[in-house]
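Chemist: Quick one: sequence and predicted model below, then my questions.
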Amino acid sequence: MEREILVSADARETRVALLESGTVMEAAVERHADRSRVGNVYKARVNRVLPGMQSAFVDVGLERDAFLHVTDFAPATGHLPSHGPAQRIERLLKVGETLLVQLAKEAIAGKGARVTTGLTLPGRYLVLAPISSHVGVSRKIEGRDQRSKLRKMAKEVLPRDSGGIIVRTVSEEVTQKTLQAEFERLHEMWQKIQRRSESSKAPAAVHREAKLVCGVIRDLFSDRFEAL
């Protein structure tokens with residue numbers, strides 16, 4: 001099966017299509033004047049806490065306050081967001097405090113964007129989850145032995161108390177040296193985000209997700225493609 005990635009760009013927009021045997025399987029458009037902010041990380045200020053909705057509205061510097069539900073809140077304790085009944089938004093956040101959030105869904109129909117505190121920083125082979133402690137492997141890698149091998153490699157490149165990581169599908173034949181280099185790059189990115197946050201006054205953008213073409217190459221391109 002022949003696989004290709006086609007890219008077309010002009011002054012107004014960039015278009016990317018994924019083809020398999022000449023058939024378009026996926027397509028995406030990024031308008032330069034309206035670039036997606038999903039994946040961006042912000043230093044936010046809590047403006048409202050609503051116990052009845054178990055949510056908070058936080059100022060990230062956009063047109064409207066962003067929405068943070070309790071199920072999207074990950075305390076800085078090394079755990080991903082919990083859905084347990086013990087977690088209450090009014091116990092977790094106070095009006096006026098600041099926190100790092102990542103934009104998970106763009107604003108639509110007059111509603112603000114949705115954000116999460118469970119930050120993830122995607123790389124070519126790994127996704128770094130800096131306030132998690134979980135080590136996982138993409139579900140698309142199905143072989144039990146291969147999954148065990150990759151999980152073991154991931155744990156070996158992850159220093160203690162350095163967050164969690166997920167091994168991506170493209171890493172199926174990757175070496176430990178490559179994983180190590182990628183982890184170090186992502187960890188340095190996280191450290192830069194922390195430094196920007198410390199020196200910024202909320203609300204402020206402290207990290208911007210890659211543009212469409214860069215993201216597609218990072219996430220999809222491999223030796224299984226015949227052309228880009």
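Modeler: Thanks, I have the structure now. Here the structure is a predicted model, which is why all the values come from computation and not from measurement. Numbering: from 1, shown residues only.

Chemist: Would you mind listing where the chain has pLDDT under the threshold?
Modeler: In the predicted model of the chain, residues 1-3, 8-12, 18, 25-34, 75-86, 210-228 satisfy pLDDT under 70.

Chemist: Where do the helices of it begin and end?
Modeler: For the chain, applying DSSP state H gives helices covering 89-92, 144-157, 176-199, 212-219.

Chemist: Next one: the most centrally placed residue in the chain relative to residue 64, how far apart?
Modeler: Centroid-nearest residue in the chain: residue 120, 3.7 Å away (criterion: CA atoms, centre = their mean). Distance check for residue 120 against residue 64: by CB to CB, to the nearest Å, it reads 23 Å. Just so you know, the C-beta spots here come from the backbone N, C-alpha and C atoms, and that holds for glycine as well.

Chemist: next one: residue 131
Modeler: 26 Å.

Chemist: More neighbours: which of these two?
Modeler: In terms of neighbours (other CB atoms under 10 Å), residue 131 is the more surrounded of residue 131 and residue 64; the figures are 19 against 13.

Chemist: hang on, isn't the more buried one packed against residue 74?
Modeler: Yes: Residue 131 is in contact with residue 74 according to CB atoms under 8 Å; the separation is 5.7 Å.

Chemist: Now the common contact residues for those two.
Modeler: Shared contacts of residue 131 and residue 74, defined by CB atoms under 8 Å, 6 or more residues apart in numbering, are found at 117-119.

Chemist: Could I get those residues in TSV, plus columns for neighbour count and distance to residue 100?
Modeler: Shown next, in TSV, are these (neighbours: other CB atoms under 10 Å; distance: CB to CB, whole Å):
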residue	neighbour count	distance to residue 100
117	21	7
118	19	10
119	20	7
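
Chemist: would JSON lines of those residues with distance to residue 46 be doable?
Modeler: Output for the shared contacts of residue 131 and residue 74, formatted as JSON lines (distance: CB to CB, whole Å):
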{"residue": "117", "distance to residue 46": "11"}
{"residue": "118", "distance to residue 46": "17"}
{"residue": "119", "distance to residue 46": "17"}
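
Chemist: hmm, back to that, surely the residue nearest to the centre of the chain touches residue 131?
Modeler: No: when contacts are counted by CB under 8 Å, residue 120 is not listed as touching residue 131 (9.8 Å).

Chemist: For these two, list the residues in contact with both.
Modeler: By CB under 8 Å, 6+ apart, no residue touches both residue 120 and residue 131.

Chemist: Counting neighbours, what do you get for residue 129?
Modeler: 23.

Chemist: same thing with residue 208?
Modeler: Neighbours of residue 208 using other CB under 10 Å come to 12.

Chemist: May I see the buried residues of stretch 174-194?
Modeler: By neighbour count on 16 or more other CB atoms under 10 Å, the buried set for stretch 174-194 is 174, 178-179, 182-183, 186-187, 189-190, 193.

Chemist: What is the distance between that stretch and the centre of its chain?
Modeler: 15 Å (CA atoms, centre = their mean, to the nearest Å).

Chemist: so residue 187 touches residue 164, yeah?
Modeler: No: counting by CB under 8 Å, residue 187 does not reach residue 164; the two are 11.8 Å apart.
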